[in-house]
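Q: this is a predicted model, with the sequence first.
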Amino acid sequence: MAIKKIGVCGAGTMGAGIAQVFAQHGFETILFDVNQEQLEKAQAGILSSWKRLVEKGKLTEEAKSAAGKKLTIAADLSDAKADLIIEAVVEGLDVKSDLFSKLSAQNSNETILVSNTSSLSITQIAAGISNPERFAGMHFFNPAPVMKLVEIIGGSHTANSTIETLKELVKSIGKNPVVCKDSPGFIVNRVARHFYVESLKIAEEQVASFENADALLESAGFKMGAFKLMDVIGNDINFAVTNSLFQAFHGDAKFRPSRIQEQKVKANQLGVKTGEGFYRYSK
């Protein structure tokens, strides 16, 4: 099917970034969230991002104007109707399953539903959907407008035609699709989890400070140290993914969540979005 209209559910950092990418590439895009304030914040952030791209000469004023006309926001779930709907809400199975059950009921049987989950089972999320053959994972990486990789994950019932449609769609927005099977953490998060977990162990054991650990990683060629990156992603999200993998791998010690990060989450020190995480930020 020809995908012309995109729905994005969840106006957090990732959802806003995904909506920005599709609107910028000419797709009619609707960004949904139950929180009107969050929606307006996301919209303002997208417009600000486009403004910066124009100032840097990476986007024309005409393209910015055209992209702005493609983007709309909605706080009513009944407005979330499209050819493709991408879910980017909290990393919780019950929340995602409930949302997809509602989306499936109000959309066409031709609509493709995808989850941006980074760790949960695609097959399990699809269990309550009427057309599981049209459901898949489409995992973007933060920041979505910049990162080129997108993981496409098929569940046990996902049709090959759905995977092929998603691959072509991802290419059309200038991203690189990588197809993988439904396995805990898929490819990137399964491998990268130890980048975070071992860095946190270093901090727990007081081998090095957050700053020194990040400085050493960056000097070794990483664009951003683990603690800086966790602050950008959000400690709540990063901690939830680690917990998910820890459970999925039956308590394997190499995926053990960090007490330091757990304390950050409990204290609402989530990183950039709250003004404090492993570092402090001006809001």
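A: Now that the structure is in, tell me what you want to look at.
Q: longest helix anywhere in the chain?
A: helix 36-55 (DSSP state H).
Q: do a quick rundown of the helices in the chain.
A: Applying DSSP H to the chain gives helices spanning 13-24, 36-55, 61-70, 93-106, 122-125, 160-172, 188-204, 210-219, 226-233, 235-248, 259-266.
Q: before we move on, the earlier item: tell me the gap between the longest helix of the chain and the middle of its chain.
A: 17 Å (Cα atoms, centre = their mean, to the nearest Å).
Q: re earlier: ok, which of the helices of the chain comes nearest residue 133?
A: Taking Cβ to Cβ, helix 160-172 is the member of the helices of the chain nearest to residue 133, at 6.5 Å. In short, each C-beta sits where N, CA and C put it, glycine included.
Q: and the pLDDT for residue 128?
A: In this model, residue 128 is scored at 81, pLDDT.
Q: name the nearest residue to it, ignoring sequence neighbours.
A: residue 101 (4.9 Å; Cβ to Cβ, 6 or more residues apart in numbering).
Q: just to check, that neighbour is in contact with residue 131?
A: No. Look at residue 101 against residue 131 with Cβ atoms under 8 Å: they stay out of range, at 11.9 Å.
Q: which one of those two has more residues nearby?
A: residue 131 (18 against 13; other Cβ atoms under 10 Å).
Q: kindly provide the distance from the nearest residue to that one once chain neighbours are set aside to residue 8.
A: Excluding the flanking residues, the one nearest residue 131 by Cβ to Cβ, 6+ apart is residue 109, at 5.7 Å. Distance of residue 109 to residue 8, given as Cβ to Cβ, to the nearest Å: 21 Å.
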